[in-house]
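*Asks:* sequence and predicted structure, then a few things I'm wondering about:
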Amino acid sequence: MTRHEVPTDPFATIAARAGAADRAERDLSDDIRLLFDCGVMQRLCDCATGPSVARGVDLLCRLGAANLSVGRLAEGHVNALRLIRLYGAAEQIARAEHAAAQAQLFGVWGADGPRPVRIDRTADGQAVLAGAKRFCSGLGLVRHAVVTARSARGVQLVLIRADDERRHDTAQWRTAGMRATLSGGHDMEGLRGEALGQADDYMREPYFEGGIWRYAALHAGALEALADALGRHIRDPSPMQAARLVEMIRLTRGARLWVEHAANAVENSPAPDITASLLAREAVEEACLRGIALCERAFGTAAFMDGNPVERIRRDLAFFLRQANLDGKTQLAARLILDGRATQ
């Protein structure tokens, strides 16, 4: 697709193709290319921080409503470039920006397999890795990945080329939801990459847990898609259906407000508040789980039928909500709240 062929509503185009991608009748390459061609990917990166972050929230919500799998890959691209801009050397940043301008997709892969990734040695100024990653989103689509690797000094970020299909293991990805992300394992044995920043930069706040608002925005967008589907389904509402619709709209409005608040508190504040992001994740998860239950009750068995967009959206959303370390995030939020009270 050329820039002259970009549709007027890229989100509608992505949504229309989501079912086929979920059924593995096509991959997400056209959708990712569309995001680059129409400028959405660049705007997502530009609006990830600062006074324009409200625009970033809206774009992520719209992308989550269109297709959560595409949104997951786009958010990974934003996260990767953010890490490179934060911790990379000037030359690394320049090369990454150039690659992104050429529509090359970036990702962040942090989940280790049974053999955790580590820096085995250095050679010619590069880190030589050992081990394997799992849950690597976008295998075959992601060209460059920022990965975590254990080292003697702590967890080191390493920038690698990720497009060697001989290292990919998509057979690992047998899930009920988010199938179209083409995730799986990646063998890092002997792979060379560039160290990015210093050890343990990856966990530095407000950029680690503070960034949760971005995928919470995707979740909120999927909830809005369910609300739209419910509104189309209810033609002459009974009292019960009317009550479900009203509650659903209230949930969507509340979820978006939580995400907008968190994004501003983290990205557009002189004193970034990661607690806001953690609490937004909790609130959005609760709203989404309730929204899924309302749709299942309102649609009945139709909500579980192949080919019904509601079936795919609820399945993708339920799966995405379970990533990652949810109890740890709740405990961290509680500790931050209590620590804040203790210092007041």
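*Replies:* On my side now, so go ahead.

*Asks:* per-domain residue ranges of this structure.
*Replies:* 7-203, 209-338 (automatic domain parsing).

*Asks:* which stretches of this protein form strands?
*Replies:* Shown for the chain, the strands assigned by DSSP state E span residues 105-109, 118-123, 126-130, 132-133, 142-151, 154-161, 168-169, 185-187, 192-196.

*Asks:* related to what we said a few turns ago, save the domains of the chain as a markdown table, and put in mean neighbour count and mean pLDDT too.
*Replies:* For every residue, glycine as well, the C-beta is placed using N, CA and C. Converted to a markdown table, these look like this (neighbours: other C-beta atoms under 10 Å; pLDDT from 0 to 100):
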| stretch | mean neighbour count | mean pLDDT |
| --- | --- | --- |
| domain 7-203 | 19 | 97 |
| domain 209-338 | 18 | 96 |
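
*Asks:* ok, back up a step: for residue 25, find the nearest of the strands of the chain.
*Replies:* strand 168-169 (20.1 Å; C-beta to C-beta).

*Asks:* okay, now the sheet partners of the closest one, with direction.
*Replies:* strand 185-187 (antiparallel) (DSSP bridges).

*Asks:* off-centre distance for the strand it pairs with?
*Replies:* Its chain's C-alpha centre and that of strand 185-187 lie 19 Å apart, by C-alpha atoms, centre = their mean, to the nearest Å.

*Asks:* for the nearest residue to residue 69 once chain neighbours are set aside, what are its contacts?
*Replies:* Nearest residue to residue 69, sequence neighbours excluded (C-beta to C-beta, 6 or more residues apart in numbering): residue 180, at 3.9 Å. Listed by C-beta atoms under 8 Å, 6 or more residues apart in numbering, the contact partners of residue 180 are 18, 21-22, 24, 27-28, 67, 69-70.

*Asks:* from these, which is closest to residue 326?
*Replies:* Ranked by distance to residue 326 (C-beta to C-beta), these are led by residue 69 at 20.3 Å.

*Asks:* what about that closest one, distance to residue 315?
*Replies:* 11 Å (C-beta to C-beta, to the nearest Å).

*Asks:* kindly report the same for residue 196.
*Replies:* Relative to residue 315, and taking C-beta to C-beta, residue 196 is found at 35 Å.

*Asks:* now residue 336
*Replies:* 33 Å.

*Asks:* so where do the helices sit in the stretch 1-150 of the chain?
*Replies:* In the stretch 1-150 of the chain, the helices defined using DSSP state H, counting those that start in this stretch lie at 10-22, 29-37, 40-46, 53-66, 68-87, 90-101.

*Asks:* adding distance to residue 125, write those out as a markdown table.
*Replies:* Shown next, in a markdown table, are these (distance: least, C-beta to C-beta, whole Å):
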| stretch | distance to residue 125 |
| --- | --- |
| helix 10-22 | 40 |
| helix 29-37 | 31 |
| helix 40-46 | 28 |
| helix 53-66 | 35 |
| helix 68-87 | 17 |
| helix 90-101 | 12 |
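
*Asks:* please identify which of those is closest to residue 211.
*Replies:* Comparing those by C-beta to C-beta, helix 68-87 comes nearest, at 6.5 Å.

*Asks:* and that closest one with helix 90-101, angle?
*Replies:* Using axes from the mean of the first three to the mean of the last three C-alpha atoms, to 10 degrees, the inter-axis angle of helix 68-87 relative to helix 90-101 is 160 degrees.

*Asks:* my read: residue 165 touches residue 142, true?
*Replies:* No: between residue 165 and residue 142 there is no contact under C-beta atoms under 8 Å: 11.5 Å.
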